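In: How does the following fold in three dimensions:
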Amino acid sequence: MENNIVYILFSKKLNRYYIGYTSNIDMRISFHQNAQPNKFTAKANDWELILQLECQSKTQALAVEKHIKTMKSKVYIQNLIRYPEMQEKLCAKYFSAD
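Out: Next comes the predicted model:
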């Protein structure tokens, strides 16, 4: 079974969040830690994985990722981390059986 993970990284240096999707979290974290200079995550070297949401499908994961990015809100992300029930509701909202 393929993993479908929406993840959020945080950089204290930039005080910024990075939201992404992957099917291999370890490989993706390594990619961000060794990011090319033209990539957003290359601007800091202190990215920390702060949230990982397991989704049922790639379609669901991409919809969840888009929703979080569309919110454009640090408070929303902080609440997602703080309240697991928000994570459950978000995943349920975009549930797809593909």
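In: CA atoms for contacts and neighbours, from now on please.
Out: Noted.
In: Pull the distance from the helix or strand of the chain with the lowest mean pLDDT to the chain's centre.
Out: Taking mean pLDDT, DSSP states H and E as the measure, the helix or strand of the chain with the lowest value is helix 25-33, at a mean of 89. Relative to its chain's centre, helix 25-33 lies at 12 Å (C-alpha atoms, centre = their mean, to the nearest Å).
In: need the next SSE after that helix, C-terminal direction.
Out: Heading C-terminal from helix 25-33, the first helix or strand you meet, by DSSP states H and E, is strand 48-54.
In: which residues touch the next helix or strand after that next one?
Out: Counting by DSSP H and E, the element after strand 48-54 in chain order, helix or strand, is helix 58-71. By C-alpha atoms under 8 Å, 6 or more residues apart in numbering, the surrounding residues in contact with helix 58-71 are 4-6, 19-21, 54-55, 76-77, 90-91, 94-96, 98.
In: Quick check: the farthest pair among the residues you listed?
Out: Tyr76 and Asp98 (27.7 Å; C-alpha to C-alpha).
In: now the end-to-end length of stretch 24-42.
Out: Start-to-end span of stretch 24-42 (C-alpha to C-alpha, to the nearest Å) is 20 Å.
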